[in-house]
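Participant: Next input, structure requested:
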Amino acid sequence: MARHAADLAADRKASDIVILDLSGLSSFTDYFVICTARSDIQVRAVCERVMQGMKEAGHAPLSAEGVGHGQWGLLDFGEVVVHAFQASTRELYDLEKLWLDAPRWTYEPGSVIEHSRA
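Facilitator: Sure thing, here's the model as predicted:
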């Protein structure tokens, strides 16, 4: 499910896509998919594509926040939470640092490259 969400974000040219495995570390989700978009319009486009594609796969979002504002969008699918950020907002929230103990994978279309814990 997380990989599918990453594929959908990549469809809209999101960059720096990372998947954090929060299973065992979080009680509210198993995975974060974090990506960067270049503009308000791209944040919205990424979020809309992820929502559409996940819905088509049978996973309607439980909630969506911030999508209309464009700096950041959060899509909660239960097991997977997708964060689409503009670069400055991603830097500000720094979720990768907040969840430093989580195993992480960098995503490239067609593959996922595992990283060790930081």
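
Participant: what number of residues lie near the residue lying closest to M1 once chain neighbours are set aside?
Facilitator: Spatial nearest neighbour of M1, excluding adjacent residues (Cβ to Cβ, 6 or more residues apart in numbering): V80 at 5.0 Å. C-beta here means a position set from N, CA and C on the backbone, and glycine is covered the same way. Close neighbours of V80, defined as other Cβ atoms under 10 Å, add up to 24.

Participant: Show me the shaky parts of this protein.
Facilitator: Applying pLDDT under 70 to the chain picks out residues 110-118.

Participant: can you give me the strands for the chain?
Facilitator: 15-21, 31-37, 63-65, 72-76, 80-86, 104-108, 111-115 (DSSP state E).

Participant: and the fifth one, what does it pack onto?
Facilitator: Taking 3 or more Cβ pairs under 8 Å, 6 or more residues apart in numbering; DSSP states H and E as contact, the helices and strands that strand 80-86 lies on are helix 2-11, strand 31-37, helix 40-56, strand 72-76, helix 87-93.

Participant: let's see 7 Å
Facilitator: helix 2-11, strand 31-37, helix 40-56, strand 72-76 (3 or more Cβ pairs under 7 Å, 6 or more residues apart in numbering; DSSP states H and E).

Participant: what's the angle between the third one and strand 72-76?
Facilitator: Angular relation of helix 40-56 and strand 72-76 on a 0 to 180 degree scale: 10 degrees, by axes from the mean of the first three to the mean of the last three Cα atoms, to 10 degrees.

Participant: so what's the backbone phi/psi at S23?
Facilitator: phi -60, psi 130 (degrees, to the nearest 10).

Participant: picking up where we left off before, and the helices and strands packed on strand 80-86 as CSV, adding mean neighbour count and distance to Q86?
Facilitator: Putting the helices and strands packed on strand 80-86 into CSV (neighbours: other Cβ atoms under 10 Å; distance: least, Cβ to Cβ, whole Å) gives the following:
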stretch, mean neighbour count, distance to Q86
helix 2-11, 21, 14
strand 31-37, 25, 6
helix 40-56, 19, 6
strand 72-76, 21, 7
